[in-house]
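S.K.: Fold the stuff below for me.
(2 chains)
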Amino acid sequence: MRRGGKDGVSDRPDPDAVPETPEEASATGTLAARFALRQRSGGLIVPVLTALVAFLLGGLIVLATGHNPLLAYRDIFNGAGLNWIFHPTTSMVSTASYNLSQTLLQTTTLILTGLAVAFAFRCGMFNIGGQGQYFVGLYVANWVGVSLPHLATFPHIVLGIGAAILAGAVWAGIAGSLKAYVGAHEVITTIMLNWIAIWIGTYFFGDGGPLQNSQNATVPISNDVAASAKLPVFWGIQALQGLDVGFFIALAALVVFWALLNRTTLGYEVRAVGFNPEAAAYGGISVKKNLIRAMAISGAFAGLAGGLDMLGYLYHFATSDIPVSNIGFLGIAVALLGRNTAVGTGIAALLFGALLFGTTHGLSSNVIQPELAGNLTYMIQGLVVLFVGADVLILYVWNTRRRLRVRGVTA
Amino acid sequence: MSVGKVGITGIVAGALAFWLTLPPLATSVVALPVLLGLLAVGCGGWAMAREQKRLGWYAVVAGVLGAALGVLAVHAGRGNLGAAVVWSALIASMLVNATPLTYAAIGGLFSERSGVVNIGLEGMMLTGAFFGIWGSDVTGSWVLGLLIAITFGGLVALVYAFFAIHLRTDQIIGGTAINFLALGVTGYLFVDIYGTVGTPPLRAAQQIPDVTISQSSNFFAQAFGQLNLMVWLSFAVLAVTYVVVFRTPLGLRIRSVGEHPRAADAVGISVYKTRYAAVVLSGMLSAMGGAYLSIGFVHSFNENMTEGRGFIALAALIFGRWRPVGAFGAALLFGFSSALAQRLGTIPNWSSYAVLFQALPYVLTLIAVAGVIGRSIPPASVGRAYAKQ
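M.R.: All right, here's what the predicted structure looks like:
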């Protein structure tokens, strides 16, 4: 990459230096500082390589268990509707069109849960609680959607989505405040908040819970949201889970994310705190304020994901959805693979959205069973996170390349 | 009476507030738990104002919880509760629920004391659960099954250790990756090997046996008479861990590497070797907890069968302030709240509230890290990679 070569790693602080004191440690060892280093060290090549290695290793496991990985990946590609680009049509009669619309539905959620992780990263925090923030968004959107049946469509949708955003922001804001005021590590607090959200949901929507189905008290499922709260569907049919306008809201969120970070004072402060809290504080930026609002904005993205899912296509919530939902955690892989940038997150979300839908659907069991393919998604997700996190490995390879090139010039 | 004793009286009063409303006493006077709760809060406030902050907070929390639970219990009616709250059965169930947590929490203790955060406990536990039952199924012996589980748990931990120690991957990201990877690999192999029918029923030789001490109907026999071998083994592991970590040179090495790796390096302790050993050990112990679940307790395997127990173990470790006995106490407390939730779930009026007990471990840990009840302070270098000079 030309850009990476121009301002290479040599002018950065020595990556091998070990911080002596806690002060130094937070100056050089924060996630955002490491991230900045990584950003300069590999451009686009690293995430692409990471994804390729992950797919390769996943393929090896498929091969080792007696399946053909190439056929499996081809089926997943077609199952995700990505073959649509060869014969583009808006007709829903085409299987590829339908599949693609479903993939984009998953992409919508993944963009937002990815942005939730990415925004906190840019402030030097790891928001592992996207799943919990997504859940509270779902709950609140369902509650607003169900309990105000006489509202007009537009205000109802705005109210529902607004409430979901607020719920996510508050839920993550708890972790941000604890970090700012008592120094509690956000990883621990967001993990705890995830589980608290899960059990609160089990209580609210479970048997005898306050938001359980009013018609049938034996099923742990909520009521459907009112028709006025449902987002308009622009591709496909509402009854068949068509693609709703939430997709465009997610795309808009990518723009908002970029503009917020790069074109506003708030974004400047958030990034400054992420790079070096001490220096930011010295420059007159309130670290506490920024930790809290970065976490709240991060949670707002995840809450929005929950709101759009509820009003876009889920319409109701069942406690049996809880153990199978992993979309918030997938956001971690999406953000890391997308290098915490808006464009990268969008592309990574499409990749994982395709993987998520493509592995549940249209697979013939003589190639690979859907149950197996679903677990392949987790494996690839794990491998991506593992290798994306290994910046020293990447830096090492990168430096070796540079050394070789320098040697070649001087020789 | 000293300030400390007042605080303790408050805690006792809070506990009494709940206990009096439960069988066998099962008082039906609402005022009793409320008064005792108020007494507890009062004692707590008094102690807090006199430099006994931590004890004071404990007393206030005990008072509020005790009064609230007591009032609920009185309203639920004694007939229903009598059927559910059988103390001996609850204790047995608490130990069953606490045992996997204990293994994983002690595993996490070794890893974190050596300076490596282990978010991947959940994944290592799941690995142990799957390979325990697979090994037991293939070899026909639970001993070999357990050993295979420990081996694979150690291997997964070795992968994590390589990334966290040598490649200096961010430890939180690495641990998250291990959780995903374990979920995918165990799920994949489970479907590939056992298909839709699930794991086959285990013969007696393939299950970790129960230790039958007594089957009579007295309280102790009901609570401790028939517990799994792994439960007793966890007590032994706990004792050994305490001695090793705090009373041997090896433990001192592990702790020094976690507190100040450079100083440890300077006096000739290999930071890398010590951390590798501690992380691999944590994987092995977590796998034991997982194997207990699959071949000791449930006798089958399901995708993602650990269901977040690794995270509760992590919470127990933090709640127990990175100390063996503290972590064990927290595991018991969390095990008790699960046991209570399961029992209360069977009572009609209580079933929807019962799930809230499942959230208790997480709420308590959140309060603990928030520093309301004395701060939980991790080892100084935990989460920070060390580069050799």
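S.K.: Please report how far residue B:267 lies from residue B:257.
M.R.: Residue B:267 sits 11 Å away from residue B:257, going by CB to CB, to the nearest Å. Yep, even glycine has a C-beta here, placed from its N, CA and C like the rest.
S.K.: Looking at the two, which is more packed in?
M.R.: Applying other CB atoms under 10 Å in any protein chain shown to residue B:267 and residue B:257 shows that residue B:257 carries more neighbours, namely 29 against 8.
S.K.: Give me the residues contacting the host helix or strand of the more buried one.
M.R.: Here residue B:257 sits within helix B:249-259, counting by DSSP states H and E. Outside helix B:249-259, the residues within contact range by CB atoms under 8 Å, 6 or more residues apart in numbering or on different chains are B:110, B:112-115, B:244-245, B:263-264, B:269, B:271, B:274-275, B:278, B:379-382.
S.K.: if we go to 7 Å?
M.R.: Under the contact criterion CB atoms under 7 Å, 6 or more residues apart in numbering or on different chains, helix B:249-259 has outside partners B:110, B:113-115, B:244-245, B:263-264, B:269, B:271, B:274-275, B:278, B:379-382.
S.K.: pLDDT of it, averaged?
M.R.: For helix B:249-259, mean pLDDT rounds to 91.
S.K.: do the same with stretch B:67-76
M.R.: Averaged across stretch B:67-76, pLDDT comes to 74.
S.K.: what about the helices in the stretch 1-150 of chain A?
M.R.: Assigned by DSSP state H, counting those that start in this stretch, the helices in the stretch 1-150 of chain A fall at A:2-6, A:22-28, A:31-42, A:45-64, A:69-79, A:95-122, A:130-147.
S.K.: Please list which of the contacts of helix B:249-259 are also close to chain A.
M.R.: Cross-checking the contacts of helix B:249-259 against chain A (CB under 7 Å from any CB of the partner chain) gives no overlapping residues.
S.K.: From those residues, which land in helices?
M.R.: Members of the contacts of helix B:249-259 lying in helices (criterion: DSSP state H): B:110, B:113, B:244-245, B:263-264, B:271, B:274-275, B:278.
S.K.: Reformat those as JSON lines; add neighbour count.
M.R.: Formatted as JSON lines, those follow (neighbours: other CB atoms under 10 Å in any protein chain shown):
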{"residue": "B:110", "neighbour count": "27"}
{"residue": "B:113", "neighbour count": "25"}
{"residue": "B:244", "neighbour count": "15"}
{"residue": "B:245", "neighbour count": "20"}
{"residue": "B:263", "neighbour count": "11"}
{"residue": "B:264", "neighbour count": "24"}
{"residue": "B:271", "neighbour count": "22"}
{"residue": "B:274", "neighbour count": "23"}
{"residue": "B:275", "neighbour count": "25"}
{"residue": "B:278", "neighbour count": "26"}
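S.K.: Isn't residue B:214 up against residue B:222?
M.R.: No - if you go by CB atoms under 7 Å, residue B:214 and residue B:222 don't touch, sitting 9.1 Å apart.
S.K.: And those two? Which one has more around it.
M.R.: Applying other CB under 10 Å to residue B:214 and residue B:222 shows that residue B:222 carries more neighbours, namely 19 against 12.
S.K.: Without its sequence neighbours, what residue ends up closest to residue A:180?
M.R.: Once flanking residues are discounted, residue A:180 sits nearest to residue A:288: 4.0 Å by CB to CB, 6 or more residues apart in numbering or on different chains.
S.K.: helix or strand for the one you found, which one?
M.R.: helix A:287-309.
S.K.: Would you mark the buried spots in that helix?
M.R.: Neighbour counts using 16 or more other CB atoms under 10 Å in any protein chain shown place A:287, A:290-309 of helix A:287-309 among the buried residues.
S.K.: per-residue confidence for residue 309?
M.R.: Going with chain A. Residue A:309 is assigned 94 on the pLDDT scale.
S.K.: My question was about chain B, not that one.
M.R.: Value listed for residue B:309 in the pLDDT field: 90.
S.K.: pretty sure it contacts residue B:103?
M.R.: No - using CB under 7 Å, residue B:309 makes no contact with residue B:103, being 9.9 Å away.
S.K.: Comparing these two, which residue is more hemmed in?
M.R.: residue B:103 (32 against 26).
S.K.: quick one: residue A:254 from chain B, how far?
M.R.: 23 Å (CB to the nearest CB, to the nearest Å).
S.K.: how many neighbours does that residue have?
M.R.: Residue A:254 has 19 nearby residues by other CB under 10 Å.
S.K.: Tell me if it really is in a helix.
M.R.: Yes - membership of residue A:254 in a helix is supported by DSSP: H, G, I helix; E, B strand; the rest coil.
S.K.: before we move on, back to that, now render the helices of the stretch 1-150 of chain A as JSON lines, adding mean pLDDT.
M.R.: Conversion of the helices of the stretch 1-150 of chain A to JSON lines gives the following (pLDDT from 0 to 100):
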{"stretch": "helix A:2-6", "mean pLDDT": "35"}
{"stretch": "helix A:22-28", "mean pLDDT": "41"}
{"stretch": "helix A:31-42", "mean pLDDT": "56"}
{"stretch": "helix A:45-64", "mean pLDDT": "84"}
{"stretch": "helix A:69-79", "mean pLDDT": "84"}
{"stretch": "helix A:95-122", "mean pLDDT": "91"}
{"stretch": "helix A:130-147", "mean pLDDT": "94"}
